[in-house]
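Trainee: return a 3D structure for these sequence lines:
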Amino acid sequence: MKSVLLAALLCAGVAAHAQSDAPAPSDAPAPSDAPAPAAVPVPGTATATRPVSRYLERERALIQALREDRREAVLAILAPDFGARSAANPEEQDGAEWLAAQRNAPLQAGQVRNLAVRSFDTVDVVSCLLDVRRAVKGHPVTSTWFVVDVWQKDGGRLLTRYASLARKPAPAATRPDGRE
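Mentor: Sure, this is the predicted structure:
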């Protein structure tokens, strides 16, 4: 388990570093006598990769089940030995404890963004920003979390979630970036 956590954290750090070092795309139009290659997407029409699409759908299904307070649907997504840790609660919670904590501050809305996927032998490590609005003591509270989820490849169940409140989250994208 320690090796999976280490791999997840290393992947998240490498992905963040690679994104910050990536050159900005050129906004200059292609010369009129040279058509753009077929493999280059037209600006503003970026599409997600298959793994990103798959896990974006799974993360959205989990959010929807939490919003609708469908306990059995949430537990069906979680692996039997699911564990969650956060900066706020470093003690590992099992699936029932994590779900009870989620139900204490009901989710009103949630949006996944900046999702990235790294594949390993038996697991996929998914990192993203999760914008949520919860009801806390009857008042809506909005926050952004940096989440690293470890998913089983076979069976597609969520093994582990690591979450930390984002201090200075990246602003929401104004247009698709091709990753989601």
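
Trainee: CA atoms for contacts and neighbours, from now on please.
Mentor: Will do.

Trainee: and A105, what's its pLDDT?
Mentor: A105 is assigned 83 on the pLDDT scale.

Trainee: please apply the same query to G178.
Mentor: 55.

Trainee: same question for G83.
Mentor: Predicted confidence (pLDDT) for G83: 97.

Trainee: likewise for A48?
Mentor: Predicted confidence (pLDDT) for A48: 64.

Trainee: try the one 4 residues further on
Mentor: On pLDDT, V52 comes in at 92.

Trainee: my read is that it contacts N114, right?
Mentor: No: if you go by C-alpha atoms under 8 Å, V52 and N114 don't touch, sitting 9.9 Å apart.

Trainee: next, count neighbours for W145.
Mentor: Counted with other C-alpha atoms under 10 Å, residues neighbouring W145 total 19.

Trainee: and the closest residue to it other than its chain neighbours, what does it touch?
Mentor: Leaving aside its chain neighbours, W145 sits nearest to L165 (4.4 Å; criterion: C-alpha to C-alpha, 6 or more residues apart in numbering). For L165, the contacting residues are A87, S143, T144, W145, F146, by C-alpha atoms under 8 Å, 6 or more residues apart in numbering.

Trainee: which of the residues you listed are buried?
Mentor: T144, W145, F146 (16 or more other C-alpha atoms under 10 Å).

Trainee: could I get the residues you listed as JSON lines with distance to D69, secondary structure and pLDDT?
Mentor: Below are those laid out as JSON lines (distance: C-alpha to C-alpha, whole Å; DSSP: H, G, I helix; E, B strand; the rest coil; pLDDT from 0 to 100):
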{"residue": "T144", "distance to D69": "21", "secondary structure": "strand", "pLDDT": "93"}
{"residue": "W145", "distance to D69": "20", "secondary structure": "strand", "pLDDT": "92"}
{"residue": "F146", "distance to D69": "23", "secondary structure": "strand", "pLDDT": "95"}
